[in-house]
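Trainee: only the shape, not the letters, is given here:
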């Protein structure tokens, strides 16, 4: 792999060779001079895109809806030191408030058992350790109520995941309600209603696909939801419950209709989508949509459904999303995630109350034990505590202010935000997809009152800065990195930081590059 800081500026090989020949014939020339001249030639042909930022314009609220909830590997994994270390890295870096995971009722957590004569036995010792561990880091649980304990299941119906969760309905709905009641009562007793009333209780996970064995799926899930929601509210009316937690943005409109018709409690709606879901599956439309458009398009669909419903003010929470639901290293491990995330934030702003990136860590075992550091895992942090480019993007994008300024043109890949003290924070990106099919883009910013800003800092994520995946490849892609290699991947995979001026600001971005630029106001002279 090249160590060039701008691979997109490489000249065509034939043109480069011809240029070298001409220069050699006309006088002494170094290879560096030839490369520089060729790059300058390409730069001259790159169109400059003008972006106007009016810092005196009316700003709109810009809450950090992408920053607060993250997913993780299943419940039992949260007891591992590596999980907790990765969570600490995230908590210390940005404003994560909740973590969601599968399997709090999985048999490995030991919640449910029965005596020989069939009486329920509850054991919340691991539940306490799991939730205590989150709360110790000032992170609350986003409680997914799943899956079915073996002795409560109507049959053995094991999912294909490595940890083989049982997705069957309960053999006895009364027993399920008793479990939910005992679980919720224990949480309220241990942590207090003033704390637990801030948690979210989500009923099951993706019941419209192979995570739910009831038939017909929709009717049986709604029955499960109704029983669960009413039980939680019986424990305490301040407990927040919602669903349908579906894959591919499904069922939300019919779920709300069901709750309204049956007066079933519902405090929020949840659903999921991924960048490689098809438009047919997620939108019911047969049209091509890129990975960079799919998630926001699904969010717009659900937003419109909620607003047209009998409960238009229900909070919308996307309790899972990512650029891919599969393991693609060139997607979730690579620098592509930095511009993808920035673009997604821009497109989906205002369409949801919260969105939960799946996941914060590759302490994760749906396909089994990780076999190498970079395999296309969902996490922001790779095994051995190695931050990926996606983590670096979260860490930069947190710096955006909570007030958004308009930019012209509106379609520019730019977010402009402003703090109360006048600080200006810009994000600009060049998304090119996992195949890196794109060209260098040059942006010139016309910033109103540019002279009022001190020299700013520009932070860059691309192939050569902030991408631990590329650094790992440059090491030869070791399956089992040494301690020294792990430390090098942690320390050497940081974004590039440079100084820039607001006046006549010009930024040139290679494909799949993200930059975040921060300007503060100059101190007033006395």
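Mentor: Perfect, I can see it now. Remember, it's a predicted structure, so these values are computed and weren't measured experimentally. Numbering: from 1, shown residues only.

Trainee: residue boundaries of the strands in the stretch 351-500 of the chain?
Mentor: All strands of the stretch 351-500 of the chain, identified by DSSP state E, counting those that start in this stretch, fall at 354-357, 381-382, 386-387, 403-405, 407-408, 414-418, 424-430, 441-447, 456-461, 496-500.

Trainee: need the winner for burial among those.
Mentor: Of all the strands of the stretch 351-500 of the chain, strand 381-382 carries the top mean neighbour count, a mean of 27, counting by mean count of other CB atoms under 10 Å. Every C-beta, even on glycine, is put in place using the N, C-alpha and C of the backbone.

Trainee: give me the mean pLDDT for that strand.
Mentor: Mean per-residue pLDDT for strand 381-382: 98.

Trainee: so how far is it from its chain's centroid?
Mentor: The chain centroid and the centroid of strand 381-382 are separated by 13 Å under CA atoms, centre = their mean, to the nearest Å.

Trainee: just the helices in the stretch 251-400 of the chain please.
Mentor: Listed in chain order, the helices of the stretch 251-400 of the chain (DSSP state H, counting those that start in this stretch) span 252-262, 279-283, 291-308, 337-348, 389-397.

Trainee: residues in contact with residue 444?
Mentor: Residues in contact with residue 444 (CB atoms under 8 Å, 6 or more residues apart in numbering) are 48, 49, 50, 51, 504, 505, 506.

Trainee: on that earlier part again, can you redo the helices of the stretch 251-400 of the chain as JSON lines with mean pLDDT and distance to residue 114?
Mentor: Shown next, in JSON lines, are the helices of the stretch 251-400 of the chain (pLDDT from 0 to 100; distance: least, CB to CB, whole Å):
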{"stretch": "helix 252-262", "mean pLDDT": "98", "distance to residue 114": "31"}
{"stretch": "helix 279-283", "mean pLDDT": "95", "distance to residue 114": "39"}
{"stretch": "helix 291-308", "mean pLDDT": "97", "distance to residue 114": "39"}
{"stretch": "helix 337-348", "mean pLDDT": "97", "distance to residue 114": "45"}
{"stretch": "helix 389-397", "mean pLDDT": "98", "distance to residue 114": "43"}
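
Trainee: out of those, flag the one nearest residue 475.
Mentor: Residue 475 sits nearest to helix 389-397 of all those, at 16.2 Å, using CB to CB.

Trainee: for that closest one, packing partners?
Mentor: With contacts taken as 3 or more CB pairs under 8 Å, 6 or more residues apart in numbering; DSSP states H and E, helix 389-397 sits against helix 81-93, helix 337-348, strand 456-461, strand 513-519.

Trainee: follow-up on the earlier one: what's the closest of the strands of the stretch 351-500 of the chain to residue 100?
Mentor: Nearest of those (CB to CB): strand 354-357, 5.7 Å.

Trainee: packing partners for that closest one?
Mentor: strand 69-71, strand 316-322.

Trainee: tabulate those in JSON lines, adding columns for mean pLDDT, distance to residue 519 and mean neighbour count.
Mentor: Below are those laid out as JSON lines (pLDDT from 0 to 100; distance: least, CB to CB, whole Å; neighbours: other CB atoms under 10 Å):
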{"stretch": "strand 69-71", "mean pLDDT": "98", "distance to residue 519": "29", "mean neighbour count": "26"}
{"stretch": "strand 316-322", "mean pLDDT": "98", "distance to residue 519": "31", "mean neighbour count": "25"}
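
Trainee: would you mind giving the ones you listed as a markdown table with distance to residue 152 added?
Mentor: Listed next are the helices and strands packed on strand 354-357 as a markdown table, based on distance: least, CB to CB, whole Å:
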| stretch | distance to residue 152 |
| --- | --- |
| strand 69-71 | 25 |
| strand 316-322 | 24 |
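
Trainee: so residue 181, which of the three states?
Mentor: Put simply, residue 181 is helix when judged by DSSP: H, G, I helix; E, B strand; the rest coil.

Trainee: OK, contacts around it?
Mentor: 231, 234, 235.

Trainee: again, only this time at 6 Å
Mentor: Taking CB atoms under 6 Å, 6 or more residues apart in numbering, we find residue 181 in contact with 231, 235.

Trainee: that one and residue 400, how far apart?
Mentor: 43 Å (CB to CB, to the nearest Å).

Trainee: what bridges to the spatially most central residue of the chain?
Mentor: Among the residues of the chain, the one closest to the centroid is residue 357, at 2.5 Å (CA atoms, centre = their mean). Taking DSSP bridges as the rule, residue 357 bridges to residue 70, residue 321.

Trainee: thinking again about what came up before, wait, which of the strands of the stretch 351-500 of the chain is closest to residue 308?
Mentor: strand 354-357 (20.8 Å).

Trainee: neighbouring contacts of the closest one?
Mentor: Contacts of strand 354-357 (CB under 6 Å, 6+ apart): 65, 66, 68, 69, 70, 71, 100, 317, 318, 319, 321.

Trainee: for it, what is the average pLDDT?
Mentor: According to the model, strand 354-357 has a mean pLDDT of 98.

Trainee: from the chain's centroid, how far away is that strand?
Mentor: 6 Å.

Trainee: can you check stretch 120-132 too?
Mentor: 28 Å.

Trainee: now residue 128, nearest residue through space, not along the chain?
Mentor: residue 190 (6.6 Å; CB to CB, 6 or more residues apart in numbering).

Trainee: got the end-to-end distance for stretch 446-455?
Mentor: Start to finish, the residues bounding stretch 446-455 are 15 Å apart (CA to CA, to the nearest Å).

Trainee: again, but for stretch 499-519
Mentor: Stretch 499-519 end-to-end distance (CA to CA) = 10 Å.

Trainee: so for that stretch, what gets flagged as buried?
Mentor: By neighbour count on 16 or more other CB atoms under 10 Å, the buried set for stretch 499-519 is 500, 502, 505, 507-519.

Trainee: specify which member of the residues you listed is nearest to residue 341.
Mentor: For these, the nearest to residue 341 is residue 514 (7.9 Å; CB to CB).

Trainee: please parse this protein into its domains.
Mentor: 13-45, 69-327+355-397 (automatic domain parsing).

Trainee: most tightly surrounded among those?
Mentor: Ranked by mean neighbours (mean count of other CB under 10 Å), the domains of the chain are led by domain 69-327+355-397, with a mean of 19.

Trainee: tell me the contacts of residue 207?
Mentor: Here residue 207 is in contact with 217, 221 (CB under 6 Å, 6+ apart).
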